[in-house]
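**Q** Sequence first, predicted model second:
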Amino acid sequence: MAFRKDFLWGAAASSYQIEGAEAEDGREASVWDTFSRMKGKTYEGATGETACDHYHRYKEDVALMRALGLQAYRFSIAWPRVLSYGKHPGGSVNSKGLDFYSRLVDELLANDIEPFATLFHWDMPQALEDRGGWRSAESPAWFADYTAAVVRTLSDRVRFWMPHNEPQCFIGMGLADGAHAPGHKLPWKEVLQAGHHALLAHGKSVQSIRAHAKKPAQIGYAPVGCVAYPANPDSPHDIEAARWGTFAVREKNQWNSSWWMDPVFFGRYPEDGLKLYGADAPNFSAAEMQTIAQPLDWFGVNIYQGRPVRLTPQGAPEIVPFPPGYPHTTMRWPVTPEALRWGPRFYWERYKLPVYVTENGMANCDWLSADGNVHDPQRIEFLARYIGALKQAAADGVDVRGYFQWSILDNYEWAEGYRERFGLVFVDYATQQRIPKDSYHWYKQVIANNGAKV
Ligand code: FCB
């Protein structure tokens, strides 16, 4: 069984991680500009001030995508480039900032690359954070306004949209753990209330896209896929246990699937989550839940890793610990290709929408070799096994439509600064030279033969 003929092979990146040009053409500060400048928050105190200088080098970067044979590119739009809150508290459109995305989209289309636009990949305007950010009940309306400004300008050319990237991270890591911008450590009740506003913002953003789109919009989502997979794939008991492991809300933290997905697709929070969170659950109305659950066209999900789960002889599902010395990437994330077989399958069964893997990839210890190339055999092995597992999902009957490798370029990996390299293309940050890695050449073949050989 092969990938469908119209399967989309893509790669992804996000605004703050690659653009740089932080004060150019009227861009205002985002929470990441502020957070990364606080002492001790990011590795080596790194910021996105220059990053990959993609703002100035986007043509060169699109040329690299074209040479790779890329069919789709997932990028994000920087809210603080598009709306200026300095000039007007309600946000006035900064056409110079918006124009960058217009040029980028034109360049992509001229090179036969389908643009997939994410509206929020974590760079909330600092001016709005100062008014409470996602904690404010006004945030859904802010996000809907921003969405409208973008969609009015780009939707004659952009068809594929995602309001949010990974609410688990910008809410959980940003407001509960304090590890990401804006760096708060709020009580769980406030975190979940902010999470509710973010979900409501998603719903209002979808409404805004539908209202303003000049071409029929294809709208999806890109949460973290917290996947469990069967320890023994041939055991129906373990498969059932893994299904439980993928959807149960087990702990008082952000790392689960259902809390962030069920409201969007079913218009309700999962029962076990409401029970576990108890008095910390957010306040919400039936009308809000309906707004959150706007019909979507596809299910997007970012999957990097999973956990093996089995059914114990006593009949209880149990997460199987990784053995000492298990394979992991430089992020210390376990290498678990199974996640790309079982995750898409479980999400497809539950949410019944075509699946796009909106992010997958690994950080590796890459360097420029004496021969002038960047050899990353581990990334090739990793991607081959993960994409092979996704192909197995397609063979199992899952409607898988596309795959986005993270990331086209090495880039600013948030709190890890420039230490972690996820790219198919190596970036020498001192010179901004781009050097395609071995995995780039390998992925080119995968795209050319539609994954036939993985
Ligand atoms: C995801 C983020 C993305 C990148 C990858 C490695 O959680 O969406 O921006 O940092 O991880």
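**A** Received it, and whenever you're ready, just let me know what you need. Numbering: from 1, shown residues only.
**Q** what sits against residue 354?
**A** Neighbour list for residue 354: 297, 298, 299, 399, 400, 401 [criterion: C-beta atoms under 8 Å, 6 or more residues apart in numbering]. C-beta coordinates here come from the backbone N, C-alpha and C atoms, glycine included.
**Q** Tell me which two in the residues you listed are the farthest apart.
**A** Greatest spacing in the contacts of residue 354, by C-beta to C-beta: 297 and 400 (14.9 Å).
**Q** quick one: residue 333 and residue 362 touch, right?
**A** Yes - applying C-beta atoms under 8 Å, one finds residue 333 in contact with residue 362, separated by 7.3 Å.
**Q** Overlap of the contact sets of the two?
**A** In contact with both residue 333 and residue 362: residue 304, using C-beta under 8 Å, 6+ apart.
**Q** which residues of the stretch 1-150 of the chain score low on pLDDT?
**A** 1 (pLDDT under 70).
**Q** Also the stretch 251-400 of the chain?
**A** Ranges of the stretch 251-400 of the chain meeting pLDDT under 70: none found.
**Q** and it, which of its residues are near the ligand?
**A** 302, 359 (C-beta under 6 Å from any ligand atom).
**Q** can you give me the strands in the stretch 251-400 of the chain?
**A** Using DSSP state E, counting those that start in this stretch, the strands of the stretch 251-400 of the chain run over residues 299-302, 306-311, 317-319, 355-360, 400-406.
**Q** Show me what the last one is in contact with.
**A** The list of residues contacting strand 400-406 from outside it, by C-beta under 8 Å, 6+ apart, reads 3-4, 6-13, 72, 74, 116, 298, 302, 344, 348, 354-361, 383, 387, 390, 393-394, 422, 424, 443.
**Q** redo that, cut-off 7 Å
**A** For strand 400-406, the surrounding residues in contact (C-beta atoms under 7 Å, 6 or more residues apart in numbering) are 7-12, 72, 74, 298, 344, 354-361, 383, 387, 390, 393-394, 422, 424, 443.
**Q** returning to that earlier point: go ahead and build a PyMOL selection from the buried members of the contacts of residue 354.
**A** To isolate the buried members of the contacts of residue 354 in PyMOL, using 16 or more other C-beta atoms under 10 Å:
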select buried, resi 298+299+400+401
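**Q** Return the closest of the contacts of residue 354 with respect to the ligand.
**A** residue 299 (16.3 Å; C-beta to the nearest ligand atom).
**Q** rewinding a little: more neighbours: residue 333 and residue 362, which one.
**A** The neighbour comparison of residue 333 against residue 362 (other C-beta atoms under 10 Å) goes to residue 362, with 25 against 13.
**Q** Tell me which residues touch the closest residue to the ligand within the stretch 201-350 of the chain, please.
**A** The minimum distance from the stretch 201-350 of the chain to the ligand, using C-beta to the nearest ligand atom, falls at residue 302 (5.6 Å). Shown in contact with residue 302 (C-beta under 7 Å, 6+ apart): 166, 222, 224, 225, 358, 359.
**Q** could you dump these to JSON lines with neighbour count?
**A** JSON lines is the format used below for these (neighbours: other C-beta atoms under 10 Å):
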{"residue": "166", "neighbour count": "24"}
{"residue": "222", "neighbour count": "27"}
{"residue": "224", "neighbour count": "23"}
{"residue": "225", "neighbour count": "30"}
{"residue": "358", "neighbour count": "28"}
{"residue": "359", "neighbour count": "26"}
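**Q** Do me a favour and average the pLDDT over the helix ranked longest in the chain.
**A** Selection of the longest helix in the chain by residue count, based on DSSP state H, yields helix 188-212. Average pLDDT, helix 188-212: 99.
**Q** Run through the neighbouring helices and strands of that helix.
**A** helix 139-154, strand 160-164, helix 167, helix 258-266, helix 286-292 (3 or more C-beta pairs under 7 Å, 6 or more residues apart in numbering; DSSP states H and E).
**Q** what does the second one contact?
**A** Think strand 160-164. Under C-beta under 7 Å, 6+ apart, the answer for strand 160-164 is 114-120, 198, 202, 205-206, 209, 217-222, 300, 358.
**Q** Mind doing that once more with 8 Å?
**A** So strand 160-164 is contacted by 72, 74, 114-120, 143, 147, 151, 170, 198, 201-202, 205-206, 209, 217-223, 300, 358 (C-beta under 8 Å, 6+ apart).
**Q** Check the offset of it from the chain's centre.
**A** 10 Å (C-alpha atoms, centre = their mean, to the nearest Å).
**Q** Just the CA trace of it, in PDB.
**A** Backbone C-alpha positions of strand 160-164 (Å, rounded to 0.1, in the frame of the first residue of the first chain) are rendered in PDB as follows:
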ATOM      1  CA  PHE A 160      -5.100  26.100   4.000                       C
ATOM      2  CA  TRP A 161      -5.400  27.600   7.500                       C
ATOM      3  CA  MET A 162      -4.700  26.700  11.100                       C
ATOM      4  CA  PRO A 163      -5.600  29.100  13.900                       C
ATOM      5  CA  HIS A 164      -3.300  27.600  16.600                       C
END
